[in-house]
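Visitor: Structure here, sequence nowhere to be found:
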């Protein structure tokens, strides 16, 4: 369970080192001008006191291979009785992404799925995906034709949430998507495993509440 409460010691006194995914924190004080620094610190403290409470950070999670393991790499090649390498080499390079963006419909996907135009059991593929993705809600319609790593994807998210990009922490397993999030001003974290993610979020001031045994549900 995540409380998303800013941790003052982490944010104010233990600023993490700048990295490619974490912009450096800027300081306005200077050792050469202690009086000016003191005045600036006083002014900053006054401004902080009058400022409304800081909003909690917005966590934006990728789903596949971040929140859940993507069953595509096992179930779909097995459906076609191919290895993953064979499937990647024989399928159309953009047909699936075009379908996800609503540029083509299911029937067009069926005709375009393979480079050589071979036919296959589209209804069988759909049934296979429903079984493989049983823990994930399906998609009934496409409201916006946007897809990572297009910057429009991220900008639409912050516009919809009415938040500043800098207040968003975007988490994804693919660096291409992380770099796109950084390009629009978000903070980006590459997902490697749960423990690394927890440490990275703690460095950014996200506090985790303890999870009690009665809150854990195993299926």
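Guide: Structure received. These figures come from a predicted structure and were not determined experimentally.
Visitor: helices and strands of the chain: which one bottoms out on pLDDT?
Guide: When the helices and strands of the chain are scored by mean pLDDT, DSSP states H and E, helix 8 comes last with a mean of 31.
Visitor: quick one: contacts of stretch 170-179?
Guide: With contact meaning CB atoms under 8 Å, 6 or more residues apart in numbering, stretch 170-179 is reached by 21, 59-62, 65-66, 148-149, 154, 181, 186-192, 197. (Glycine included, C-beta is placed from N, CA and C.)
Visitor: Over to stretch 108-116?
Guide: The contact list for stretch 108-116 (CB under 8 Å, 6+ apart) reads 90, 91, 92, 95, 96, 98, 99, 104, 117, 119, 120, 122.
Visitor: from those residues, which single one is nearest residue 209?
Guide: residue 96 (38.6 Å; CB to CB).
Visitor: Next, count neighbours for the closest one.
Guide: 15 (other CB atoms under 10 Å).
Visitor: how close does it get to residue 61?
Guide: To residue 61, residue 96 is 21 Å away according to CB to CB, to the nearest Å.
Visitor: before we move on, what about residue 157?
Guide: 11 Å.
Visitor: And those two? Which one has more around it.
Guide: Per other CB under 10 Å, whichever of residue 157 and residue 61 has more neighbours is residue 157, with 20 against 12.
Visitor: What residues of stretch 196-211 count as buried?
Guide: Neighbour-count burial for stretch 196-211, counted by 16 or more other CB atoms under 10 Å, picks out 197, 200, 201, 203, 204, 205, 206.
Visitor: The fifth one touches residue 169, doesn't it?
Guide: Right, residue 204. Yes. In terms of CB atoms under 8 Å, residue 204 counts as a neighbour of residue 169; the distance is 6.3 Å.
Visitor: tell me what the helix or strand harbouring residue 87 is packed against?
Guide: Here residue 87, judged by DSSP states H and E, is contained in helix 84-90. If contacts are counted by 3 or more CB pairs under 8 Å, 6 or more residues apart in numbering; DSSP states H and E, helix 84-90 sits against helix 72-80.
Visitor: pLDDT averaged over the helix it packs on - what is it?
Guide: For helix 72-80, mean pLDDT is 89.
Visitor: cool, stretch 189-196 as well?
Guide: For stretch 189-196, the mean pLDDT works out to 94.
Visitor: now do stretch 141-151
Guide: The pLDDT scores in stretch 141-151 average 84.
Visitor: Kindly report the same for stretch 164-178.
Guide: Stretch 164-178 comes out at a mean pLDDT of 95.
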